[in-house]
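Asker: fold the following and give me the result.
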Amino acid sequence: MKEAFAKLLATPERRLIAVGCFLTLLYAFFSRGVYHSDEHYQILEYAHAKLFATPTPEHLAWEYHLRMRPGLQPFVAWLVGYGLLATGIYSPFVLVGILQLLSGVLSMAVLLFFYRTVRDDLGDEKGRRWFLGLGCGLWFLAYLHVHFSAEMLSANLLLLLVGLTLRYVASDGRHPVRWGLLLGLVAGLTFVVRYQMGFALAGYGVWLLVYCRQWRLFAGMVPGVLAALVAGLAADRWLYGEWTLAPLNYLNGNIVAGHMLSFGAEPWWYYFEAAVLEGGVLFGLLGLAALFWFFWHRPRHVVTWMFVPFIVIHFFLGHKELRFLFPLLFFMPWFFVLLLRSFPPRITGSRGWRWCIGVMALFNLGAVVYSLAAPVPDICFYRMMRRHCADGMPAVALSIEGEKSYYAMPQPVSAATGMIETRFYMPDGFDCRYFATQEQLETEACILADKGRRVMIFSPDPDLAGKSDLPLRKVVWSPYPRWIVRYFNFNDWTRYSVRSKNVYEVVNKE
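Answerer: Here you go, the predicted structure:
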């Protein structure tokens, strides 16, 4: 056993891969919550609705009614959830954990495939170790690798597509039909998972026409692309219960109707600012430098032809979010190494350079520890509510319509009405109701309490128990461990994450 383990870790390359796999496992099991709510409402809630026929369509996100989101990832989540139900071990937290583990395995597999593809381009062993260290150990990549979101899956597929394309070019064009079938399938799936990737795929198609004019390759790509599109169409049919063209609906809803502008419009320089601020100043500046260095020095490369139109079009769109450009991050270890190789030895061997690398390494280590250990308030709330309602007594939560809680939020698009519900994490037999006024809410609370229901009230008011005529008991909860609240809660700082997410229970007067 020891000999096999020693052989497995015999080289620095294998040790870096082992560390990366271990870190991915840590993130898969301990990283909870989502980077953006779309990761939840466009996948998990759809899968939950198909598994349990709840929430009803009026409580799903506004995109569902416009039939504008792909059904492939919700289908995968439903498939995993169905397997858990069949084996009797279903839990929303177990389902998310398995999805994150699958995402992590895919991310590591694609990263290592791409590493094998560009290995010679990385130069010496030092450059290869840099690539593996950055690809496996950068905190934001390790965090994103395990997230089961459209941005992450499409980024992995795009990285795989580039790796396959480079291998095809290196094969001197042998077996073009087989390669075309594989490239077309991956390109089609990339589009099916996230329609915005069509901008990058358009650049990819133009590059093929300019630098890879082999009609047998194109002939092979056609059935591959069609197979992926048919799979996406079938998944959409499964999700919405009718045949629909979700990409066209997306174009009409977000671009033509302008619903995306309901989330705000940013200036053209937003992505420069966000890359520096959200990625850390040193990481952000170095990332931008590496990106533009690659574009400038490799203008004919397929990656340049893919990402230049992808970035330019996103600059022209009014609503901007950094996650829209996340596919770029998966190429960053490669960009970094190529940029570092261009530095003269007098720079990379200087004391200032070593200090800079040391500071970035310490920052990265701190970010890894924090992102793994920091509690996520909404996940802590869901666990608390499931424990609180573990006795199986039917429960109903009341709140004022339009007030945001961890279980509900108003529709963000002005043309949509109602509340979006987070049914995925609700306990069994739980229900939510919304009222226009506090008086209506309290009247309904009395009626439900008299019927023997467990009645809970969600309110942003931390003093509602003292103001209401109802006999209320505040359910005290915190995302932080008790020892932190007890010994380190200076100036009551732990209340800030839950100060507007108060939970009250109507107490039986008897």
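
Asker: so how far is Ile357 from the closest residue to Ala390 other than its chain neighbours?
Answerer: Nearest non-adjacent residue to Ala390, counting by CB to CB, 6 or more residues apart in numbering: Pro427, 7.5 Å away. (Glycine included, C-beta is placed from N, CA and C.) Distance from Pro427 to Ile357, counting by CB to CB, to the nearest Å: 49 Å.

Asker: so where do the strands sit in the stretch 401-510 of the chain?
Answerer: Along the stretch 401-510 of the chain, the segments classed as strands by DSSP state E, counting those that start in this stretch run 408-410, 419-421, 430-435, 454-459, 472-474, 502-506.

Asker: and the second one, what other elements does it pack with?
Answerer: Using 3 or more CB pairs under 8 Å, 6 or more residues apart in numbering; DSSP states H and E as the contact criterion, the neighbours of strand 419-421 among helices and strands are strand 408-410, strand 430-435.

Asker: now render those strands as TSV, adding mean pLDDT and mean neighbour count.
Answerer: Output for these, formatted as TSV (pLDDT from 0 to 100; neighbours: other CB atoms under 10 Å):
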stretch	mean pLDDT	mean neighbour count
strand 408-410	89	18
strand 430-435	92	18
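
Asker: where does this structure have its least confident helix or strand?
Answerer: Ranked by mean pLDDT, DSSP states H and E, the weakest helix or strand in the chain is helix 2-8, scoring a mean of 60.

Asker: count the residues that sit near Leu141.
Answerer: 21 (other CB atoms under 10 Å).

Asker: looks like it contacts Phe331 (just checking).
Answerer: No. Leu141 lies out of contact with Phe331 (CB atoms under 8 Å); the separation is 10.7 Å.

Asker: among the strands of the stretch 401-510 of the chain, which is nearest Gly224?
Answerer: Closest to Gly224 of those is strand 419-421 (CB to CB; 36.5 Å).

Asker: and the contacts of that closest one?
Answerer: Contacts with strand 419-421, where a contact means CB atoms under 8 Å, 6 or more residues apart in numbering, come from 41, 45, 55, 59-62, 401-402, 407-411, 432, 434.

Asker: what lines up beside it in the sheet?
Answerer: Under the criterion DSSP bridges, strand 419-421 sits next to strand 408-410 (antiparallel) in its sheet.

Asker: who's in contact with the partner strand?
Answerer: Strand 408-410 is contacted from outside by 399, 401-402, 404, 419-422, 432, 434, 458, using CB under 8 Å, 6+ apart.

Asker: at 6 Å what do you get?
Answerer: 402, 419-421, 432 (CB atoms under 6 Å, 6 or more residues apart in numbering).

Asker: tell me the gap between it and the middle of its chain.
Answerer: 20 Å (CA atoms, centre = their mean, to the nearest Å).

Asker: and stretch 15-35, by the same measure?
Answerer: Centre to centre, stretch against its chain (CA atoms, centre = their mean), the figure for stretch 15-35 is 15 Å.

Asker: stretch 467-479 now?
Answerer: 34 Å.

Asker: between the two ends of it, how far is it?
Answerer: Stretch 467-479 has an end-to-end distance of 26 Å (criterion: CA to CA, to the nearest Å).

Asker: before we move on, what about stretch 444-462?
Answerer: Stretch 444-462: ends 21 Å apart by CA to CA.

Asker: for the remainder of this discussion, apply numbering that starts at 19.
Answerer: Sure thing, new numbering starts at 19, so read that last one as stretch 462-480.

Asker: list the buried residues in that stretch.
Answerer: By neighbour count on 16 or more other CB atoms under 10 Å, the buried set for stretch 462-480 is 463, 466-467, 471-477.
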